[in-house]
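Asks: structure, please.
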Amino acid sequence: MLIRQITIVGTGLIGGSLALALRKHGFGGEIVACDKPSVLDTAVERRVIDRGEADLERAVVGSDVIVLATPVGTILSQFEAIAPTLPSTTLITDTGSTKQKFVERARIRWRARN
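Replies: Numbers count the residues shown, from 1 in each chain. Take a look at the predicted model:
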């Protein structure tokens with residue numbers, strides 16, 4: 001699968017570092033980030049990301065990969081908000097330390113589609 005767009009939700013230490021690593025290692029696609037407008041403006045200005053979007057649902061449109069890099073307490077609600085709108089081919093992952101609830105929700109969503 002050719003990855004043309006990656007959306008990083010949360011451009012703090014982890015999400016911002018991921019964007020910089022993608023750049024450093026030659027990712028040629030578009031890097032979109034979702035965060036507060038002031039954070040996004042700085043990230044675009046410093047060329048950490050290509051485009052910023054404060055609205056989560058708009059930020060993920062067209063993404064092949066979505067990385068939820070926000071605090072663990074918000075990851076599940078973000079997943080629930082975007083999962084119904086995404087094609088089944090979209091890869092969704094997170095940087096949280098706990099996976100059990102995330103995987104359980106993903107399985108429920110996957111079964112509902114099939």
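Asks: tell me the secondary structure for the nearest residue to residue 64 once chain neighbours are set aside?
Replies: Distance criterion Cβ to Cβ, 6 or more residues apart in numbering; nearest residue to residue 64, sequence neighbours excluded, is residue 3 at 4.6 Å. Just so you know, the C-beta spots here come from the backbone N, C-alpha and C atoms, and that holds for glycine as well. Counting by DSSP: H, G, I helix; E, B strand; the rest coil, the backbone at residue 3 sits in coil.
Asks: what's the burial count for residue 3?
Replies: Residues near residue 3, counting by other Cβ atoms under 10 Å, number 14.
Asks: who are the contact partners of it?
Replies: By Cβ atoms under 8 Å, 6 or more residues apart in numbering, the residues touching residue 3 are 27, 29, 64-65.
Asks: again, only this time at 7 Å
Replies: Contact partners of residue 3, counting by Cβ atoms under 7 Å, 6 or more residues apart in numbering, are 29, 64-65.
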